[in-house]
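J.: let's see this in three dimensions:
(one chain, ligands or ions: 1)
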Amino acid sequence: MDLPVLRSRIDALDSQLVDLLNERAQVSINIGLAKRKTPDAENNNELNNGNNAITNSNTNSEHVHQPAREIKVYERVKRLNHGPLADGAIEAIYREIMSASISLQRQITVAFLGPRGSYTAQVAQLRFGDSVAYSDLPQIPDVIQAVSSKTVTYGVVPIENSTMGNVDATLDSLVKATRNETNGGTVRIRAEHYLPIHHCLLSKCSEKSQIKKVYSHAQSIGQTSQWYETNLKGIERIAVSSNSAAAVLASKEVGAAAICGEQCAEMYELHVIERNIEDKKNNTTRFFILGDKCEPPSGNDKTTAYFTVDHRKPGALVDALNVLKIHQINLTKMDSRPSGGVAWNYFFFVEFTGHYADENVSNALKEMEAYCLLITVLGSYPDQGPKQ
Ligand SMILES: O=C(O)C(=O)C[C@]1(C(=O)O)C=C[C@@H](O)C=C1
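T.: Down below sits the predicted model:
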């Protein structure tokens, strides 16, 4: 077949595609209207335990972004795909279809740890696409505060890295935001996202030997420390608020470099001096997508909560955790952070299988209250962790 014939075939298919896309968009608009009309039949999973406030507040506000539903849509369309399009291509196309769909239902703003080019920005884009509005904020607490004050609809923050562990600023800010809920603000985890992290050394210089100082986020400095020892030993390293903030600085200072993602190279007109400089090749960062309430159970959920116990009471922590065992709930992660009040008092962060609206989890949480001075659920959300 010759080119004009093939192109007219493409034109005919495009006509059908545009009609179908608009038909789908109209259904999405109707879903948006239905979400507003239904006073949270599906979302009404409030669980308020008085003082200990295990709540999912604002149950009457509709949520246009539905992570669990999106997972199902992606799974389904990839199952339907028999090529020649790759699954990744189908996923990218559907990301934009659903992004446009979200923006037809409601204009939303997604805040992320900026500036542009950060790994957090990458996750925001992967989860929300090109049709929504973004707000890049300088620090993690700013993102959490913006969600809490409803200045933005959703927020994206890093929570932990497979090489360097927790991002303490996120844990501490989540506590602060949820302890302040009496002021009306709310923050809940709605989804998680795992992003493989491959760092680059970027600079206006073209040679490693010309570099006099290196900017990066403390986490990325830790993730590349062995490489640094071998390649830039003795060169000053300066920790800044994000990798992309490092790229901005490197773009303005002669002899400066940044450890950040390759996406910053074009954005800030920097040379890629070296790629894949992370010490562990499976280096991965986990992010939270935050909003003002959780999603209903998806059938494959995880819950994140924090609590504190009477530190003077022998066995108090064991007693609290034993409740999870009794209810056959698998504890998958545990951390502690200073409570910020009495010295040497800690908040214990736990993650376990199940949704707080599941019967066994909801019973366990109520029973844990007997052993805890306070307990707060930060969120229940679809488990998207790598399967072991
Ligand atoms: O199913 C919904 O709740 C929708 O709003 C529709 C839709 C879609 O376009 O498929 C759009 C946004 C959501 O994040 C998930 C799915």
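J.: ok, V73 to the ligand distance?
T.: Noted for V73: a distance of 5 Å to the ligand, by C-beta to the nearest ligand atom, to the nearest Å. Every C-beta, even on glycine, is put in place using the N, C-alpha and C of the backbone.
J.: L17 now?
T.: L17 is 16 Å from the ligand, by C-beta to the nearest ligand atom.
J.: then stretch 211-222 to PDB, C-alphas only?
T.: Backbone C-alpha positions of stretch 211-222 (Å, rounded to 0.1, in the frame of the first residue of the first chain) are rendered in PDB as follows:
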ATOM      1  CA  ILE A 211      34.600  20.400  39.800                       C
ATOM      2  CA  LYS A 212      35.200  22.300  43.000                       C
ATOM      3  CA  LYS A 213      32.000  21.600  45.000                       C
ATOM      4  CA  VAL A 214      28.900  19.400  44.700                       C
ATOM      5  CA  TYR A 215      25.300  20.100  45.700                       C
ATOM      6  CA  SER A 216      22.700  17.500  46.500                       C
ATOM      7  CA  HIS A 217      20.000  16.400  48.900                       C
ATOM      8  CA  ALA A 218      21.400  14.600  52.000                       C
ATOM      9  CA  GLN A 219      19.600  11.400  51.000                       C
ATOM     10  CA  SER A 220      21.300  11.400  47.500                       C
ATOM     11  CA  ILE A 221      24.700  12.200  49.100                       C
ATOM     12  CA  GLY A 222      24.200   9.100  51.200                       C
END
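J.: what comes up buried for that stretch?
T.: Buried residues in stretch 211-222, counted by 16 or more other C-beta atoms under 10 Å: I211, V214, Y215, S216, H217, Q219, S220, I221, G222.
J.: residues near the residue of the stretch 251-388 of the chain found nearest the ligand, how many?
T.: Nearest to the ligand in the stretch 251-388 of the chain, going by C-beta to the nearest ligand atom, is E295, at a distance of 10.1 Å. Neighbour count for E295, taken as other C-beta atoms under 10 Å: 27.
J.: my read is it is in a strand, agree?
T.: No: secondary structure of E295 (DSSP: H, G, I helix; E, B strand; the rest coil): coil, not part of a strand.
J.: so which of the buried residues of stretch 211-222 sit within strands?
T.: Using DSSP state E, the members of the buried residues of stretch 211-222 that fall in strands are V214, Y215, S216.
J.: helix or strand: which one has the residue lying closest to the second one once chain neighbours are set aside?
T.: On the basis of C-beta to C-beta, 6 or more residues apart in numbering, the spatially nearest residue to Y215 that is not a chain neighbour turns out to be A246, at 3.6 Å. Counting by DSSP states H and E, the element that carries A246 is helix 243-252.
J.: Y194 now?
T.: Using DSSP H and E, Y194 sits in strand 188-196.
J.: and S15, how many neighbours?
T.: Neighbours of S15 using other C-beta under 10 Å come to 10.
J.: on the three-state scheme, it is what?
T.: helix.
J.: spit out the contact partners of the residue in the chain that the ligand sits nearest to.
T.: The minimum distance from the chain to the ligand, using C-beta to the nearest ligand atom, falls at S101 (3.2 Å). Residues near S101 by C-beta atoms under 8 Å, 6 or more residues apart in numbering: R24, A25, S28.
J.: quick one, strands of the stretch 251-388 of the chain?
T.: With DSSP state E, counting those that start in this stretch as the criterion, the stretch 251-388 of the chain has strands at 256-260, 271-274, 284-291, 301-308, 331-338, 346-353, 374-382.
J.: hang on, isn't I97 packed against L20?
T.: No: I97 is beyond contact range of L20, at 10.3 Å (criterion: C-beta atoms under 8 Å).
J.: okay, the two: which has more neighbours?
T.: I97 (18 against 10).
J.: tell me the buried residues in stretch 272-286?
T.: Within stretch 272-286, the residues scored as buried using 16+ other C-beta under 10 Å are I273, I277, E278, N283, T285, R286.
J.: what does stretch 360-378 give?
T.: Buried positions in stretch 360-378, judged by neighbour count with 16+ other C-beta under 10 Å: 361-362, 364-365, 367-369, 371-372, 374-378.
J.: what do you get for stretch 305-324?
T.: For stretch 305-324, the neighbour count (16+ other C-beta under 10 Å) marks A305, Y306, F307, T308, V309, A316, L317, D319, A320, L321, V323, L324 as buried.
J.: beta partners of the residue nearest to the last one when sequence neighbours are not counted?
T.: The one in question is L324. Once flanking residues are discounted, L324 sits nearest to L331: 5.3 Å by C-beta to C-beta, 6+ apart. For L331, the beta-bridge partners under DSSP bridges are F352.
J.: tally of neighbours for H199?
T.: H199 has 25 nearby residues by other C-beta under 10 Å.
J.: what of H65?
T.: By the criterion of other C-beta under 10 Å, H65 has 23 neighbours.
J.: what pLDDT is listed against the residue lying closest to A245 once chain neighbours are set aside?
T.: Leaving aside its sequence neighbours, A245 sits nearest to P115 (C-beta to C-beta, 6+ apart; 6.1 Å). Here, the pLDDT recorded for P115 equals 96.
J.: residues of this protein that sit close to the ligand?
T.: Within the chain, the positions adjacent to the ligand are S28, I31, V64, H65, Q66, R69, E70, V73, M98, S101, I102, Q105 by C-beta under 6 Å from any ligand atom.
J.: buried among these? Make that a PyMOL selection.
T.: Buried members of the residues of the chain next to the ligand can be picked out in PyMOL with the line below, counting by 16+ other C-beta under 10 Å:
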select buried, resi 28+31+64+65+66+70+98+101+102+105
